[in-house]
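Peer 1: Build me a model:
(one chain, ligands or ions: 1)
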Amino acid sequence: MAFFTRPQSASAAVKIVAPSVAPGDSIKTSPKKDSTQRQCRNILIYGSCKFQDKGCIYSHPSRPTTPPSGSASQPESPSVSAKLSQAVNAPVFVPKSSPIPPTSPPLSRAQAQTPLTASTLSTSPPASDYDENDSYDPTYYVPSDNNGLYNIYTAESVVPQMQALDVDPFSKSYYPQIQPEYEQGLEYYPLQSAFIRQPLDYHLYSLPPPSPPPSHFISPTLRTDLQLRSEIIHTAPAPGLNLPDELQGYHTLVPLESLTGERRKFGNWYSTVYRATGKDGRAYVLRRVSDFRLMHQAAFQPIEQWSRIRHPNIVAVHEAFTTRSFGDNSLVVAYTYHATAQTLYDAHIKPRPPAFVHGRVQPTQPHVPERTLWSYIVQIAGAMKAAHDQGLAVRMIDVTKVIVTGRNRLRISSCGLADVLTYNPTSPSRLPGVPIPTEQIQEDLVMFGKLILALCCNNVAAMSNFGKSLDVVTQHYSADLKNVALFCLSKPGVHKHIGQLFDMIGSRLLTEMDDLQNGMDYLEGELLSELENARLVRLLAKFGFINERPEFARDPRWSETGDRYIIKLFRDYVFHQVDERGRPVVSLSHVLSCLNKLDAGTDERIMLVSRDEQSVLVVSYKDVKACVASAFAELSKG
Ligand SMILES: Nc1ncnc2c1ncn2[C@@H]1O[C@H](COP(=O)(O)OP(=O)(O)OP(=O)(O)O)[C@@H](O)[C@H]1O
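Peer 2: The predicted structure is shown next:
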């Protein structure tokens, strides 16, 4: 089989060209003929080939001078004229389940066909196997009734069948409000010509809503970002790292930072971050503090408190434990892993090699846009408020400990770790709801102020030259932003708390909310279009159910006949095409395009060719869809 272009004829009639050669005919037994001997397909379909004298390489037998006569079902000879006469008299193909009656050809012409009786059908066993040379038998489409026309379902037969099609639990139990509407609809429309809406409403194709305005939180490369994330989760550890195979159920450790070179201290300790796979198969971050000896089990109490906090701007804390698996006394705290995360330092401050843009040297790190900074401020302030309300100080508001986990999405990482490391058994234990000491609130606010300043100046040491840093802020950012930084860094006071900051940034919160909602609308739209993927999987599953069922192999009512034959040829059309050199065409876009059209049931027609190339069917996607629906309904009826 090869690619064939869609017939250009404007006629809506769908014709079947019946095989006109007797078994054993040389044409039939040599499907792979030399192209010069092979009859031009245009002759078969249209009766003529407009390229006959313009280089068409196929054979063009001379036309008969007189119109062919005699019964089309009894070809005089395997000649072209007989084939043409058959094509003229070919009945209109109407899928069994199609509710639309054929309008052509006229009855008299159809009657010229020799109608086959049911007994005739049963005496011509279909090919039990789907072999290379199996031929299409048009008689299977011709029932004993209906004057030789194809047996379309009458109104009486369609209704019960359509109702029986209702194999989906969703249609009734999940959408009780839709079902009466559907049934009511049947009363209004005359069935013989009406479009019958299938009760399986999940077949409906709905376009996603129009795109909302671009959101500050939605990456323009969302799809590739997500793919990258899922890929990164599965990266394998480099060999020779000499890491423990397993600790506390976590395995497959991969360091997330360099284990050599200059390392910053985490207080008095060195910390290392690993990605690991947990017992539940999910990825986690293990932050290990080397050479730490836990003196009091009660030091883990803040971890328990932190593990109860679920906030969109705080990396979730799972558990903490000590281990000797690294060959020392290590403290390990497990957090949720956010693939492709990077610290604020890496994203905005880390020096980069100078870049030339339009012949000019660009600053190594451009200033963070004010909109982005406000968003960061709102998010970090939200996380701080959540922690403070739970009686916990964050103590980790630092550009190296706040990570960017998505487009402008921040999360404070390493929460709880400082509490364990600096645990003091003499200090009063903190319980949820119990206010935290004022000095810790002030500490958090000052850390926050330093972080804002560092981001404004792209410099971690911005505080060391406070005056100059303030000038940079004044130069590049609004007075409101500067006031927020100053509020955080100003003299601590008993009544100074993070809630006051929200009073200062009121209108910025609204911008943030609008952006979040736009982002949600966008994601819902994306989700809706992803739902449509399931339609194609459902279609593929139906093909799998229908095609070449071994238990029906010898059943003339089922196997390779009728609607199923169309489906089989369609399957070949979608998946088994070959190019001019006979090589398989593996084109996913062809498959997707065909399946989408099939699911939508478009009027576009395609030409299906049997494997022996002796039969050609011109059908619309709508017809094939009806065939699939009826064959599947028959199957699911049991
Ligand atoms: N929860 C997390 N999910 C994914 N990656 C994380 C997570 N927490 C931290 N990381 C990543 O681990 C790496 C190391 O984190 P770390 O906090 O040690 O930063 P750092 O810049 O190396 O700081 P330090 O020098 O203090 O160790 C960073 O690239 C960070 O993005």
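
Peer 1: For the rest of this, base every contact and every neighbour count on C-alpha atoms.
Peer 2: OK.

Peer 1: tell me the mean pLDDT for stretch 611-622?
Peer 2: What stretch 611-622 shows for mean pLDDT is 89.

Peer 1: same question, stretch 288-305
Peer 2: On average, stretch 288-305 scores 92.

Peer 1: Would you mind listing what in the chain touches the ligand?
Peer 2: Proximity of the chain to the ligand, by Cα under 6 Å from any ligand atom, involves residues 256-257, 263-264, 266, 271-273, 285, 315, 335-339, 341-343, 400-401, 403, 413.

Peer 1: Just the buried ones from those?
Peer 2: Buried members of those, counted by 16 or more other Cα atoms under 10 Å: 271-273, 285, 315, 335-339, 341-343, 400-401, 403, 413.

Peer 1: Flag every buried residue along the helix or strand hosting residue 523.
Peer 2: Here residue 523 sits within helix 506-531, counting by DSSP states H and E. For helix 506-531, a neighbour-count test (16+ other Cα under 10 Å) marks 508-509, 512, 515-516, 518-523, 525, 529 as buried.

Peer 1: In JSON lines: these, plus pLDDT.
Peer 2: Formatted as JSON lines, the buried residues of helix 506-531 follow (pLDDT from 0 to 100):
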{"residue": "508", "pLDDT": "93"}
{"residue": "509", "pLDDT": "94"}
{"residue": "512", "pLDDT": "94"}
{"residue": "515", "pLDDT": "93"}
{"residue": "516", "pLDDT": "94"}
{"residue": "518", "pLDDT": "92"}
{"residue": "519", "pLDDT": "93"}
{"residue": "520", "pLDDT": "93"}
{"residue": "521", "pLDDT": "91"}
{"residue": "522", "pLDDT": "91"}
{"residue": "523", "pLDDT": "91"}
{"residue": "525", "pLDDT": "86"}
{"residue": "529", "pLDDT": "75"}
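
Peer 1: related to what we said a few turns ago, so which of the buried ones among the residues of the chain next to the ligand sit within helices?
Peer 2: Secondary structure defined by DSSP state H assigns none of those to helices.

Peer 1: how many neighbours does the residue of the stretch 451-600 of the chain found nearest the ligand have?
Peer 2: Relative to the ligand, the nearest point of the stretch 451-600 of the chain is residue 460 (11.8 Å; Cα to the nearest ligand atom). By other Cα atoms under 10 Å, 20 other residues sit near residue 460.

Peer 1: any idea which element it lies in?
Peer 2: Residue 460 belongs to no helix or strand, assigned by DSSP H and E.

Peer 1: Identify the residues contacting stretch 214-224?
Peer 2: Stretch 214-224 is contacted by residues 225, 406, 407, 408, 409, 515, 516, 518, 519 when judged by Cα atoms under 8 Å, 6 or more residues apart in numbering.

Peer 1: re earlier: toward the C-terminus, what is the element adjacent to the helix holding residue 523?
Peer 2: Downstream of helix 506-531 (by DSSP H and E), the next one is helix 533-546.

Peer 1: Can you name the element that comes right after that next one?
Peer 2: helix 562-575.

Peer 1: angle of that next one against helix 533-546?
Peer 2: Orientation of helix 562-575 against helix 533-546 (axes from the mean of the first three to the mean of the last three Cα atoms, to 10 degrees) gives an angle of 120 degrees.

Peer 1: And helix 562-575, what's buried?
Peer 2: Residues 562-575 are the ones in helix 562-575 that count as buried (16+ other Cα under 10 Å).

Peer 1: Burial check on residue 350, number of neighbours?
Peer 2: Neighbour number of residue 350 under other Cα under 10 Å is 15.

Peer 1: OK, contacts around it?
Peer 2: residue 365.

Peer 1: How is the closest residue to residue 424 other than its chain neighbours assigned, secondary-structure-wise?
Peer 2: Nearest residue to residue 424 in three dimensions, chain neighbours excluded: residue 299, at 7.9 Å (Cα to Cα, 6 or more residues apart in numbering). Put simply, residue 299 is helix when judged by DSSP: H, G, I helix; E, B strand; the rest coil.

Peer 1: what's around residue 299, how many residues?
Peer 2: Residue 299: 19 neighbours (other Cα under 10 Å).

Peer 1: Which strands and helices lie in contact with the strand or helix carrying residue 466?
Peer 2: Following DSSP H and E, one finds residue 466 within helix 466-476. Helix 466-476 sits against helix 438-457, helix 479-489, with contacts defined as 3 or more Cα pairs under 8 Å, 6 or more residues apart in numbering; DSSP states H and E.

Peer 1: any chance of those helices in CSV, plus mean pLDDT and mean neighbour count?
Peer 2: As requested, those are arranged in CSV below (pLDDT from 0 to 100; neighbours: other Cα atoms under 10 Å):
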stretch, mean pLDDT, mean neighbour count
helix 438-457, 95, 23
helix 479-489, 96, 18
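
Peer 1: Show me what the mean pLDDT comes to for stretch 337-344.
Peer 2: Averaged across stretch 337-344, pLDDT comes to 97.

Peer 1: wait, I meant stretch 220-233
Peer 2: 91.

Peer 1: Which parts of that stretch count as buried, going by neighbours?
Peer 2: 225, 233.

Peer 1: Could you do stretch 577-592 as well?
Peer 2: In stretch 577-592, counting by 16+ other Cα under 10 Å, buried: 577, 578, 585, 591.

Peer 1: for that stretch, how far is the first residue from the last?
Peer 2: Terminal residues of stretch 577-592 are spaced 14 Å apart (Cα to Cα, to the nearest Å).

Peer 1: measure stretch 342-355 end to end?
Peer 2: OK, stretch 342-355 end separation, Cα to Cα: 21 Å.

Peer 1: Wait, residue 497 touches residue 441, no?
Peer 2: Yes. Using Cα atoms under 8 Å, residue 497 is in contact with residue 441, at 6.8 Å.

Peer 1: Give the residue spans of the stretch 251-400 of the chain that score low on pLDDT.
Peer 2: For the stretch 251-400 of the chain, applying pLDDT under 70 flags the ranges 261-264, 362-364.
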